[in-house]
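In: what shape does this take:
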Amino acid sequence: ECTTFVRSLGARQKHRHALIIAVGKYSAGIKDLPNAVRDGESLKESLEALGWVVTLRIDATREEARKALKAFIDECEEHEDAVLFAFFGHGIERRTTMQQYLVMSNTVISDEAENEADFCKLLNRTCVNLQEQLIKLGMNR
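Out: Numbering: from 1, shown residues only. Model prediction:
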């Protein structure tokens, strides 16, 4: 299914840029995902074969991911006809708000959160809020 999707991305467009973040190694308490990096590298190769310019970040920290996303969003604002953001790694979804968070290599989920509000602050401090990034990307398109 992924291969079929990637082939559809080969449509002729002037500028095509992708950002892939693949996190396979995590800090203490979060299970590693050994296939995440391999999957990210595979997508990168497939997209490049179709003429995409691809940036791949492996085992990014929260700060590195936010910096890569900002650069990607800024670049897309200027001239990209087609963009793709892909994340391979753990994620957390808050059921009460449907907010989705990307868990980065240096994320630590501790027991310090005593209630929902504290847990929300913890996620915002240690993860990447996916909706915030997608809104920024959509505003620049």
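In: from now on I want contacts and neighbour counts done on CA atoms only, so please keep to that.
Out: Noted.
In: for the residue minimising distance to the centre of the chain, what are its contacts?
Out: Nearest to the mean C-alpha position of the chain, counting by CA atoms, centre = their mean, stands residue 87 at 3.7 Å. The contact partners of residue 87, taken as CA atoms under 8 Å, 6 or more residues apart in numbering, are 20-22, 40, 102.
In: now do the buried residues in the strand or helix carrying residue 69.
Out: Following DSSP states H and E, the helix or strand that holds residue 69 is helix 62-79. Within helix 62-79, the residues that count as buried by 16 or more other CA atoms under 10 Å are 62, 64-66, 68-69, 72-73, 76-77.
In: out of these, the closest to residue 116 would be?
Out: When the buried residues of helix 62-79 are ranked by distance to residue 116 (CA to CA), residue 62 comes first, at 21.6 Å.
In: hang on, that closest one packs against residue 125?
Out: No. Contact criterion CA atoms under 8 Å: residue 62 and residue 125 do not qualify, at 9.0 Å.
In: could you pull out the helices for this structure?
Out: 2-8, 34-49, 62-79, 116-126, 130-139 (DSSP state H).
In: nearest to residue 15, out of those helices?
Out: Closest to residue 15 of those is helix 62-79 (CA to CA; 6.9 Å).
In: quick one: average pLDDT of that closest one?
Out: Mean per-residue pLDDT for helix 62-79: 88.
In: and it with helix 130-139, angle?
Out: Per axes from the mean of the first three to the mean of the last three CA atoms, to 10 degrees, the angle that helix 62-79 makes with helix 130-139 is 20 degrees.
In: what's around the closest residue to residue 100 other than its chain neighbours, how many residues?
Out: Counting by CA to CA, 6 or more residues apart in numbering, the nearest residue to residue 100 once its immediate chain neighbours are dropped is residue 93, at 4.4 Å. Neighbourhood size, residue 93 [other CA atoms under 10 Å]: 14.
In: noted, bye for now.
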